[in-house]
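Participant: build the 3D model from these lines:
(4 chains)
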Protein chains: 2
Amino acid sequence: MTELSIGTLASRTGVNIETIRYYERIGVIPPPPRTAGGQRRYDEAHLRRLSFVRRCRELGFPLDEIRALLALVDGGDYSCAEIRETTVRQLEAVRRRIADLRVMERTLDAMAAACAGGAVPDCPIVDALFAERR
Amino acid sequence: MTELSIGTLASRTGVNIETIRYYERIGVIPPPPRTAGGQRRYDEAHLRRLSFVRRCRELGFPLDEIRALLALVDGGDYSCAEIRETTVRQLEAVRRRIADLRVMERTLDAMAAACAGGAVPDCPIVDALFAERR
DNA sequence: GCTACATGCTGTAGCGACTACAGGTTCAAG
DNA sequence: CTTGAACCTGTAGTCGCTACAGCATGTAGC
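Facilitator: Numbers count the residues shown, from 1 in each chain, chains lettered A, B, ... in the order given. A predicted model of the protein is given here:
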């Protein structure tokens, strides 16, 4: 019987109010019942579901993957293997992004190291950026 | 006298045609001269500038940082220290993103490891995602 | 010179995942 | 009953592109 306003739900889940309405609009969370005046009222099930979405987002899952996960769970007949498959795919995506960023990191680090940072207008960083493609 | 069409510039720099026009529209590269019929014709200076932009993008610089870098270089009175400052800021941003992704990676890895991946509908990943916030 | 057709043009809309209003309504406390 | 915080809808903006639609132009072969 704990009825939550959208503001309370937002502070309990750490999800922005605007984002909650956005999730409802795109079908990630179901539309909750309304008061006579038209304001949204949530219950514990909504709270759990939104927390699930938030945790998935923190892990970098795109919203359509999250929708797919929720559909599996909602269906009730999901298998552990299906869930694991999505998770592993996401893990691989994260690792690819890390690898890309590490290349950037190394290059930037080398450029910064090459640069004395003096007041002279002759900068090795600019030279490197303007250099011919290898 | 080497006049390049937008298509040639695109293949020489690895930047998509649409993206080149977009860069022109938002002021990252200057509008080139046109043929009598209105088609864009580029020269070596455009090629160098666009390559510069591309390399910066590969290093993750946002376009407004790139615009700022170009403005410094265009001005001609830039100091190495200014360029270095932008580079170091970008390096820090990249490192923050890597750190965030590593947290995701560890969590996803632990979840995948906890999951046997069987056909049973009782999945530790789902449990973890639905668990109460710590 | 003429014909194909590849390439170019503008303008607009879409992506993902929100965020930020404007301009109005409702709820809850005192 | 009043006040003002919280809520409502709808739209537009963010970033960095990408993808059309519906034309116009450039160029190579004949």
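Participant: interface residues of chain A facing DNA strand C?
Facilitator: Contact residues (Cβ under 7 Å from any atom of the strand) of chain A with DNA strand C: A:5, A:16, A:18-19, A:22, A:35-39, A:57, A:62-64. (C-beta placed from N, C-alpha, C; glycine too.)
Participant: buried ones among those?
Facilitator: A:19, A:57 (16 or more other Cβ atoms under 10 Å in any protein chain shown).
Participant: from the residues of chain A next to DNA strand C, which land in helices?
Facilitator: A:18, A:19, A:22, A:57, A:63, A:64 (DSSP state H).
Participant: the residues of chain A next to DNA strand C also near DNA strand D: which ones?
Facilitator: Answer for the residues of chain A next to DNA strand C near DNA strand D (Cβ under 7 Å from any atom of the strand): A:5, A:18, A:38, A:39.
Participant: on that earlier part again, which single one of the ones in helices among the residues of chain A next to DNA strand C is nearest to residue B:129?
Facilitator: Closest approach between these and residue B:129, by Cβ to Cβ: residue A:57, at 10.9 Å.
Participant: please name the nearest non-neighbouring residue to residue A:123.
Facilitator: Closest residue to residue A:123 apart from its sequence neighbours, by Cβ to Cβ, 6 or more residues apart in numbering or on different chains: residue B:80 at 4.0 Å.
Participant: okay, now that neighbour: neighbour count?
Facilitator: When neighbours are counted by other Cβ atoms under 10 Å in any protein chain shown, residue B:80 registers 19.
Participant: so in chain A, which helix runs the longest?
Facilitator: In chain A, assigned by DSSP H, the helix with the most residues is helix A:80-114.
Participant: tell me which residues of it are tucked away?
Facilitator: A:80, A:82-84, A:86-88, A:90-91, A:93-95, A:97-98, A:100-101, A:104-105, A:107-108, A:111-112.
Participant: with stretch A:60-71 instead?
Facilitator: In stretch A:60-71, counting by 16+ other Cβ under 10 Å, buried: A:60, A:61, A:65, A:66, A:67, A:69, A:70.
Participant: with those residues in mind, which one is nearest to residue B:125?
Facilitator: residue A:69 (9.0 Å).
Participant: for chain A, which residue gets nearest to DNA strand C?
Facilitator: residue A:37 (2.3 Å; Cβ to the nearest atom of the strand).
Participant: phi first, then psi, for that residue.
Facilitator: phi -80, psi 0 (degrees, to the nearest 10).
Participant: who touches it in this structure?
Facilitator: If you count contacts by Cβ atoms under 8 Å, 6 or more residues apart in numbering or on different chains, residue A:37 has none.
Participant: check what pLDDT it gets.
Facilitator: For residue A:37, the pLDDT comes out at 96.
Participant: ok, it to residue A:5 distance?
Facilitator: Residue A:37 sits 12 Å away from residue A:5, taking Cβ to Cβ, to the nearest Å as the criterion.
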